[in-house]
Each structure stands twice: as structure tokens, then as C-alpha cells.
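> just the structure for this:
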Amino acid sequence: MSFLFSSRSSKTFKPKKNIPEGSHQYELLKHAEATLGSGNLRQAVMLPEGEDLNEWIAVNTVDFFNQINMLYGTITEFCTETSCSVMSAGPRYEYHWADGTNIKKPIKCSAPKYIDYLMTWVQDQLDDETLFPSKIGVPFPKNFMSVAKTILKRLFRVYAHIYHQHFDSVMQLQEEAHLNTSFKHFIFFVQVT
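Numbers count the residues shown, from 1 in each chain. Prediction:
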């Protein structure tokens, strides 16, 4: 476990994004966790009756960020500048980083660097109260769906990289059931939203 606390991995492994207890988003998260526990992932991704779609997407986006963050955090010792000099999911899928603000033109970088850029960028989006409001009654911005879709699309790339480049390590760590369940949940969610 010491790799989680080394200087390189601490840059990539971001702290868990918390949803304030007692908030409506917290209640939605608890609903999602309860339905996940039922074993029916298709039911777990369905918008609860009477709930706001943006709120549901926000809660699940935070949850997927936390899940992917945790999953990637367990394999950072295997995902290095040397072993993963390019962020890819096989020879046909190479990902270049651009955030549109600090890095406008996509740059080729190693997987650890790309994932560090990505997780930092996602954390910044989730922490931005104008994009992901945490207070009841504060409306979501008009571009919320577009931002959420971009976040989810980019988080998918981490799953793809882990599966393609690090699945042997995941199996050695006996984490494949968790990875597979998390990924299946993610895919079902993006298919219905």
C-alpha cells in the first residue's frame, strides 16, 4: 500500500469527493446505493420517480469519479511513465489531453500524466458550485448536460486503459469483480441517460 502515499501517485489519486450529509443529493446517493445492493444494476441506474434528472446525473457522476479514482489508485504502481508512456486502450485508441483552458491544443502524454490531468480537471468541475450546485434550489447551468457527458466520456477512458493495459494486475490484486461491476454500472448508466 505504500505506493498510494508516494509523491507520484498522490498527484493522481485524488481525495474522495463528498456529498454533504443531509442534502438532497445525499439522499439520492443513498437511494442509488440501496438499489445497487439489490443486485439489479439496470434498476439502480433508473431515475427515481419524481427526481430531477440533472440532480441524478450529478450524484452519479460524483460516484463514478470516486469509484474510478479508487480503482485506478490500486494499480498506480503498475501504470508508470515507462510502462504506459502513452495514454491508450490498445493500438487503435490513443488519448491526448486538452482541457480547453490551460491546455487548449491536445497533447500526447503518458497514461499517469493524462489521468492526473483528467482527475484534477474532473475534481475542479465537481467543486465548481456554478456547474455542480450542492445547495437545494440552486439551478443547474444550461450547459450541465454537456459538461457531465464530457466528464463521463473522459472517465470511460480510464476504464478502457485499465482493462487494456492493466487487467492482469487487476486479476493479481483480485479486484476484477469490483472493476467489472463498476464498469457495468457505468455503462448501464450512460446508456439510460
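> which residues touch Ile162?
Ile162 makes contact with 71-72, 75, 170, 179, according to CB atoms under 8 Å, 6 or more residues apart in numbering. Any C-beta I mention is one placed from the backbone N, CA and C, and that applies to glycine too.
> ok, these vs Asp124, which is closest?
Tyr72 (17.5 Å; CB to CB).
> can you tell me the element that closest one falls in?
helix 53-73 (DSSP states H and E).
> mind checking the pLDDT average for that helix?
Averaged across helix 53-73, pLDDT comes to 95.
> buried residues in it?
Residues of helix 53-73 classed as buried: 54-69, 71-73 (neighbour count, 16 or more other CB atoms under 10 Å).
> re the thing from before, closest one of the contacts of Ile162 to Val147?
Tyr72 (21.2 Å).
> you'd agree that closest one is up against Val158?
Yes. Judged on CB atoms under 8 Å, Tyr72 makes contact with Val158 at a distance of 5.8 Å.
> any common contacting residues for the two?
Common neighbours of Tyr72 and Val158 (CB under 8 Å, 6+ apart) are Ile115.
> mean confidence for the one helix or strand Gln43 maps to?
Using DSSP H and E, the element containing Gln43 is helix 41-44. On average, the pLDDT along helix 41-44 is 85.
> same deal with stretch 142-151?
Mean predicted lDDT for stretch 142-151 stands at 97.
> go through it and flag the buried ones.
Buried-residue list, stretch 142-151, by 16+ other CB under 10 Å: 144, 147-148, 150-151.
> got the contact list for it?
54, 57-58, 61, 65, 122, 125, 131, 141.
> greatest separation within those: which pair is it?
Phe65 and Pro141 (18.4 Å).
> I figured Val190 hits Leu155, correct?
No. Using CB under 8 Å, Val190 is not in contact with Leu155, being 9.6 Å away.
> the top helix by length along the chain vs helix 53-73, what angle?
Ranked by number of residues, the top helix in the chain under DSSP state H is helix 144-172. Angle, helix 144-172 to helix 53-73, by axes from the mean of the first three to the mean of the last three CA atoms, to 10 degrees: 30 degrees.
> surely Ala44 and Ser182 touch.
No. Under the criterion of CB under 8 Å, Ala44 makes no contact with Ser182, lying 11.9 Å away.
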